[in-house]
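> Have a look; sequence and predicted model below, questions after that.
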Amino acid sequence: MVEMPEINQDKCNQCGLCVTVCTCGAIVIEEEKVTIIETEDCHWCTNCEAVCPTGALTCSFEIIVEE
C-alpha cells in the first residue's frame, strides 16, 4: 500500500483547493466529498496540506530540509 495524504472528513468543507493544487490527480471530489485516490504518482509535495484552510489534510510524515 502506498502512503498517501489523509483527510479528516469532519474538518473538510469541500472547498476544492486541494484538488486544484494536486498535480498528480490523487485528490478528487466524488459524490460531493473530497477523496484521496491511491496512486504511485503522488510525490508528497504537501501542497494539498498547505492550502487546506481547515487543516483537514495531513501528510503522515514531516519533510526536513537541512542546510
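Done, it's in. Residues are numbered from 1 along each chain as shown.
> Not counting sequence-adjacent ones, nearest residue to residue 37?
In space, and not counting its chain neighbours, residue 37 is closest to residue 26: 5.4 Å by Cβ to Cβ, 6 or more residues apart in numbering. To be clear about C-beta, it is placed using only N, CA and C from the backbone, and glycine gets the same treatment.
> To clarify, my last question referred to residue 14.
Residue nearest to residue 14 in three dimensions, not counting chain neighbours: residue 34, with 5.8 Å by Cβ to Cβ, 6+ apart.
> just residue 35 next, same as before
According to Cβ to Cβ, 6+ apart, the nearest residue to residue 35 is residue 28 (5.6 Å).
> So what's the residue count around residue 3?
11 (other Cβ atoms under 10 Å).
> one step back: my reading is that the residue nearest to residue 35 is in a strand; is that accurate?
Yes. Using DSSP: H, G, I helix; E, B strand; the rest coil, the assignment for residue 28 is a strand.
> Show the model's pLDDT score for it.
Looking at residue 28, its pLDDT is 95.
> contacting residues around it?
For residue 28, the contact set (Cβ atoms under 8 Å, 6 or more residues apart in numbering) comprises 19, 34, 35, 37.
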